[in-house]
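> got a sequence here, can you build the structure:
(3 chains)
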Amino acid sequence: MSDFFEMVYEVVRQVPPGRVTTYGAIARYLGMAGSARMVGWAMNASHAYHTFVPAHRVVNRNGLLTGKHHFDTPEAMKELLASEGIKFRGDKIVNFSRHFWDPSAELPF
DNA sequence: AAGCTGACTATGG
DNA sequence: GCCATAGCCAGCT
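Coordinates of the predicted model:
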């Protein structure tokens, strides 16, 4: 497991319940601005990681559940977030900016 | 080795 | 708001 993946998982685990962050925000926090795809790639591999990673709290910049098809069921991601108090309009988070949690703003270096 | 892919994002028409 | 382009870069044919 590369250090990059571990750092991504570390950040995702810091996301509080009921809050979400984006691939781009994580990439930026890790100094990889523009490489949001790599964060998504890390999420794809998170299932194999020995520690739980709340991948359902990572969505794209629009608050859209673009990664839902990578969960056990397409509804699992929405269900998990809904159980944490997040509301949806289709697959898009309502009031996304209110739930958004930016690691580069919330975490110390 | 070269090309394709993708849980992304920004920009422009 | 929708579609096309273009950066991005690790991993997989």
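> in chain A, which spans are helices?
Read by DSSP state H, chain A holds these helices, from start to end of the chain: A:3-13, A:23-29, A:36-45, A:76-82, A:96-99, A:103-106.
> is DNA strand B within reach of the longest one?
No - Helix A:3-13 does not reach DNA strand B (Cβ under 7 Å from any atom of the strand); its nearest approach is 9.6 Å. Quick note: C-beta positions are derived from backbone N, CA and C, even for glycine.
> just how off-centre is that helix within its chain?
11 Å (Cα atoms, centre = their mean, to the nearest Å).
> packing partners of it?
Judged by 3 or more Cβ pairs under 8 Å, 6 or more residues apart in numbering; DSSP states H and E, the packing partners of helix A:3-13 are helix A:23-29, helix A:36-45.
> just checking, what packs against the first one?
Which is helix A:23-29. If you count contacts as 3+ Cβ pairs under 8 Å, 6+ apart, helix A:23-29 packs onto helix A:3-13, helix A:36-45, helix A:103-106.
> nearest to DNA strand C, of the ones you listed?
Of all the helices and strands packed on helix A:23-29, the one in closest proximity to DNA strand C, counting by Cβ to the nearest atom of the strand, is helix A:36-45 (4.9 Å).
> kind regards, and thank you for your time.
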